[in-house]
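Participant: Sequence and predicted structure, then a few things I'm wondering about:
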Amino acid sequence: MSSVLGVSVGAGAVRMARPHAGNPHGPVAPHSFDLQTIPVVEHQVEELAAEAIGVTLESMPGIAATAIAYRSEQHARALRAAMARQQLTNYELVPEIVAALEFAQSTGDIRGISSLVVYDLGSSGLTVSVVDTQTREIRHSERTSDISGDYLDSLIREQQIASGRIAHPPDSAGLAALDALCREAKEQLSTNTAVALPSEQGLVLLAQENFEALIMLAIESSARMARDVIVRSDRPVHGVLAIGGCARIPLIAKVLERWMGVPVIVPDSPETVVTRGAAMLARPIRTVVATPQHHAPVAARLLDDDELAPAWLAAQPKGRRGKREINGAVLTVSALAVVAAIGLGLGYGPQVLERDSQSSDRPTSVAPTSAPRTTTLDPQIAVAPGSTTETSESLAAPPPRRTTTTTEPPPTTPGPNTIVVPGLPPIVVPTIPPEVFPFPPPGPH
């Protein structure tokens with residue numbers, strides 16, 4: 001049979017809740033849980049929680065889902081890292097406030113309350129949150145470590161040392177042992193009127209009346225903080241849910257009700273409310289397995305080659321390739337037109353054309369534009385690919401018309417040595433006698 005596991009990770013202890021074996025399916029009753037508490041001694045709390053979850057899942061293979069309650073985003077990141085080191089993946093993280101609301105709504109303790117203050121006083125600090133119970137939206141939340149269970153323990157310790165019944169511990173180990181004894185005295189005073197606990201340093205003796213007088217200022221400060229959170233949330237509240245280990249102290253509910261003016265709900269075993277709520281929220285994590293598709297080859301053929309290549313090897317998009325090639329052809333034709341105009345201006349054009357007419361008896365003839373194309377191209381000008389040959393030929397037709405226009409000097413530019421090419425500034429070519437560079441006579445081939 002499958003079951004679920006709920007985990008809360010506090011500064012002083014890691015708590016786990018699992019529904020009773022007789023109720024593994026369906027709605028979980030609020031009190032039908034097997035609870036386990038693991039105190040935090042020297043381990044990091046997140047690492048201890050991950051190890052405890054791993055051992056529990058290995059010893060109880062029937063657990064199908066695990067929910068871990070977290071306090072903040074930083075707390076959640078630390079939990080994910082610890083679970084990853086333990087190679088645990090079948091779990092989910094739930095906010096502590098949501099887990100507490102899940103449990104309180106299942107018990108019916110907050111029935112009819114739409115806006116609620118969650119007062120969570122634990123060993124490491126106090127968290128006060130204003131929550132919408134219908135949407136479970138946190139309207140405002142604040143946390144402080146000035147008021148905590150450890151601080152209340154230190155008040156008891158200092159009072160016992162000041163009374164002269166307890167000697168001050170000589171080292172840190174003795175101080176930690178005395179703090180644990182004072183914590184036990186605080187927990188017993190939740191149900192008893194007085195406690196007497198022996199220790200190596202002496203007898204811890206404390207009455208409930210003296211204990212309440214000792215912690216009154218701290219509890220009133222916490223109530224003042226809760227009232228300020230309500231004011232900053234700008235929402236009226238209709239009740240207070242007190243959870244955490246310190247919520248067992250009867251004085252807390254009395255002070256909160258006097259300061260807030262609304263009912264204060266303290267569930268049974270308030271330190272395990274978040275743990276049991278997390279277990280009630282636990283759902284199995286479904287892993288999606290990718291199945292092979294029969295049309296995968298077709299989809300692969302539909303992919304463009306540029307999408308499969310790296311970014312630095314990818315070619316230009318097809319929509320812009322024709323434009324790039326046309327620009328290259330235009331540049332090539334413009335360069336050829338300028339070269340042809342310069343040749344005609346220098347006086348070599350008629351000689352070349354006359355020699356070509358005299359050699360017409362040869363079996364093959366060379367096009368007039370072929371010689372400049374192969375001998376005078378600038379290497380920085382890209383030649384258009386062969387796939388755009390038709391476009392290049394159509395653009396190469398205008399050069400003869402451009403050369404004929406240059407034979408007539410423009411009316412605004414004096415001198416026969418000025419060549420005007422549309423789109424370019426006038427080109428002035430110096431006059432060089434033909435005898436300086438005589439054209440070589442035709443020789444036998």
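Facilitator: Looks like it arrived, so ask away. Residues are numbered from 1 along each chain as shown.

Participant: all contacts plus neighbour counts: C-alpha atoms, from now on.
Facilitator: Will do.

Participant: Could you pull out the strands in this structure for me?
Facilitator: Secondary structure of the chain (DSSP state E): strands at 3-9, 13-19, 33-39, 63-70, 92-95, 115-121, 126-132, 137-144, 194-198, 203-207, 240-243, 264-265, 418-419, 427-428.

Participant: Highest mean neighbour count out of those strands?
Facilitator: Per residue and on average, the most neighbours among the strands of the chain fall to strand 3-9, with a mean of 27 (mean count of other CA atoms under 10 Å).

Participant: That strand to strand 33-39, inter-axis angle?
Facilitator: 30 degrees (axes from the mean of the first three to the mean of the last three CA atoms, to 10 degrees).

Participant: List the contacts of Ala99.
Facilitator: Ala99 makes contact with Ala69, Val273, Val274, Thr275, Arg276, Gly277, Ala278, Met280, Leu281 under the criterion CA atoms under 8 Å, 6 or more residues apart in numbering.

Participant: Any chance of a PyMOL selection covering the buried ones in those?
Facilitator: To isolate the buried ones among the contacts of Ala99 in PyMOL, judged by 16 or more other CA atoms under 10 Å, type:
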select buried, resi 69+273+274+275+276+277+278+280+281
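
Participant: Filter the contacts of Ala99 down to just the ones in helices.
Facilitator: Assigned to helices by DSSP state H, the following of the contacts of Ala99 qualify: Val273, Val274, Thr275, Arg276, Gly277, Ala278, Met280, Leu281.

Participant: Kindly provide the distance from the fourth one to Met60.
Facilitator: Arg276 sits at a distance of 18 Å from Met60 (criterion: CA to CA, to the nearest Å).

Participant: cool, the last one as well?
Facilitator: Leu281 sits 19 Å away from Met60, going by CA to CA.

Participant: Ok, the third one next?
Facilitator: To Met60, Thr275 is 18 Å away according to CA to CA.

Participant: And for the residue nearest to Leu214 when sequence neighbours are not counted, the neighbour number?
Facilitator: Nearest in space to Leu214, with sequence neighbours left out and distances taken as CA to CA, 6 or more residues apart in numbering, is Leu155 at 7.1 Å. Counted with other CA atoms under 10 Å, the neighbours of Leu155 add up to 17.

Participant: circling back: max pairwise distance over the contacts of Ala99: which two?
Facilitator: Maximum pairwise distance in these, criterion CA to CA, is 12.4 Å, between Val273 and Leu281.

Participant: And the pLDDT at Arg321?
Facilitator: Note on Arg321: pLDDT of 44.

Participant: Then Ala384?
Facilitator: Looking at Ala384, the pLDDT reads 41.

Participant: now Gly202
Facilitator: Listed pLDDT for Gly202 reads 87.

Participant: And for Asp171?
Facilitator: According to the prediction, Asp171 has pLDDT 88.

Participant: Could you tell me which residues make contact with Pro198?
Facilitator: Contacts were defined as CA under 8 Å, 6+ apart; by that measure Pro198 touches Val204.

Participant: measure it to Glu212 for me?
Facilitator: With CA to CA as the criterion, Pro198 and Glu212 are 21 Å apart.

Participant: How about Gly174?
Facilitator: Gly174 sits 26 Å away from Glu212, going by CA to CA.

Participant: go on, Met225?
Facilitator: Met225 is 19 Å from Glu212, where distance means CA to CA.

Participant: And for Gly125?
Facilitator: 19 Å.

Participant: and the gap between the closest residue in space to Thr127 that isn't next to it in sequence and Gln208?
Facilitator: The shortest distance from Thr127 to any residue that is not its chain neighbour, by CA to CA, 6+ apart, is 4.3 Å, and that residue is Arg143. Using CA to CA, we find Arg143 at a distance of 28 Å from Gln208.
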